[in-house]
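Student: Here's a sequence, model it:
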Amino acid sequence: MRKRLHKWRLISIFAILALALSGCGEPFLSTLTPAGEVAKKQYDLMILSTVIMVLVIIVVTVIFIYVIARFRRTKKNENSIPKQVEGNHKLEIIWTVIPILLLLVLAVPTVSYTFQLADVSPMKQKDKDGKTKDALVVNVRANLYWWEFEYPDLGIVTSQDLFVPTDKKVYFNVKSSDVKHSFWIPAVGGKTDTNPEGVNQFWLEFDGKGSEKVKNQFYGKCAELCGPSHAYMDFKVQTLSQDDFKQWTQDMKNLKKPAAEGNLAKEGEEIYNKSCIGCHANTANDSRPEQARTAPNLANFGDRTRIAGILEHNEENLKKWMQDPEQVKPGNLMTGKYQKLDEHELDALTAYLMGLKLEQ
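Tutor: Model prediction:
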């Protein structure tokens, strides 16, 4: 008896913990705050399927309670046998047709939305120069544990921060350079796997609402377990009006090799050229093949919102990252690729990297 009570206590504790944990998390990582055409259609399907399931549960529960109450055994009828209804064609038709109708109600919009959301034909229409005619295309490449975003028709490569225009379809080619990952912006659309052996294509549309935490900004994550720092493989999405996006692309195209300002930053530039430039580019027009782009592009690093995708963007965290990247992101590929930096070298390299901004 005591063992049974102990068992039920454990089950109750786990049930309460599960209920409590289900309410944890950040609102800007929720699919329940849709922002864009794709997210809203997927949200509508979630609501529809939930309503159908709740209705089925209510009906079954009512019938179950009615049968328990109506046909319970009593002293008065303990020897009687209820009316047998096997072979009742009317009942059989009812409980066969109703599930079929419910499935059709869910299947029709699901199939319709599936074909609508899978239509990537505009990204395949090319002009005489081989560029996409009227669509904005972004090549997304997932790496352990960072993201690269290439705008092939614009000649721009950046990392960790994805810039997109609002109220316009953005088409994506997604793949991985190592293991399987999954590209996911919860508030904007469902996740899409990034595979090493092939390219997946889809489109998203962003509105200007952004998250509750930061206006005009969404949070993205890797949604496929890929290694010890899977949970830290984040990226940010910055939404701009279409005019502001055009200005951003022009600024990125015009961004030349940065010139360090101040003696400390110039020392940092020398360290960068000796230890970092073999992996990290510092201009957006990186024409190297993707196999040679083995680390995040740092062209506009000073304007970003996060260090290594997860830390607040400040000098202290940048030094912490460069001093011991393994402590921040276990299993990352940067650890051990350069000699340990002393305090002065860290200060100098930090001054240089923080100066990599568009406003230059």
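Student: The stretch 251-360 of the chain: helices as residue ranges?
Tutor: 263-275, 315-323, 325-328, 343-354 (DSSP state H, counting those that start in this stretch).
Student: and among those, the most buried is which?
Tutor: The densest packing among the helices of the stretch 251-360 of the chain, expressed as mean neighbour count by mean count of other CB atoms under 10 Å, is seen in helix 343-354 with a mean of 19. Placement of C-beta: from N, CA and C, glycine included.
Student: right, and the helices of the stretch 251-360 of the chain - which one's nearest Lys191?
Tutor: helix 325-328 (24.4 Å; CB to CB).
Student: ok so, going back, redo the helices of the stretch 251-360 of the chain as JSON lines? Include distance to Leu162.
Tutor: Rendered in JSON lines, the data for those read as follows (distance: least, CB to CB, whole Å):
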{"stretch": "helix 263-275", "distance to Leu162": "24"}
{"stretch": "helix 315-323", "distance to Leu162": "21"}
{"stretch": "helix 325-328", "distance to Leu162": "21"}
{"stretch": "helix 343-354", "distance to Leu162": "20"}
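Student: wait, which of these is closest to Asn77?
Tutor: Closest to Asn77 of these, according to CB to CB: helix 325-328, at 71.9 Å.
Student: Quick one: list the elements packing against the closest one.
Tutor: helix 315-323 (3 or more CB pairs under 8 Å, 6 or more residues apart in numbering; DSSP states H and E).
Student: Outside of stretch 124-138 itself, list whatever touches it.
Tutor: 122-123, 149-153, 162, 164-165, 168-173 (CB atoms under 8 Å, 6 or more residues apart in numbering).
Student: starting at the chain centroid, how far to it?
Tutor: Its chain's average C-alpha position is 25 Å from that of stretch 124-138, according to CA atoms, centre = their mean, to the nearest Å.
Student: Over to stretch 91-99?
Tutor: Remark: stretch 91-99 is offset 41 Å from the chain centroid, using CA atoms, centre = their mean.
Student: Show me what the mean pLDDT comes to for that stretch.
Tutor: The predicted model gives stretch 91-99 an average pLDDT of 89.
Student: Narrow the contacts of stretch 124-138 to those in strands?
Tutor: Using DSSP state E, the members of these that fall in strands are 149-151, 162, 164-165, 169-173.
Student: Adding neighbour count, distance to Leu48 and pLDDT as columns, could you present those residues in TSV?
Tutor: Output for the ones in strands among the contacts of stretch 124-138, formatted as TSV (neighbours: other CB atoms under 10 Å; distance: CB to CB, whole Å; pLDDT from 0 to 100):
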residue	neighbour count	distance to Leu48	pLDDT
Phe149	21	33	96
Glu150	22	37	96
Tyr151	20	36	95
Leu162	24	30	95
Val164	24	28	95
Pro165	21	30	94
Lys169	19	24	94
Val170	22	26	96
Tyr171	19	27	96
Phe172	24	26	96
Asn173	18	31	96
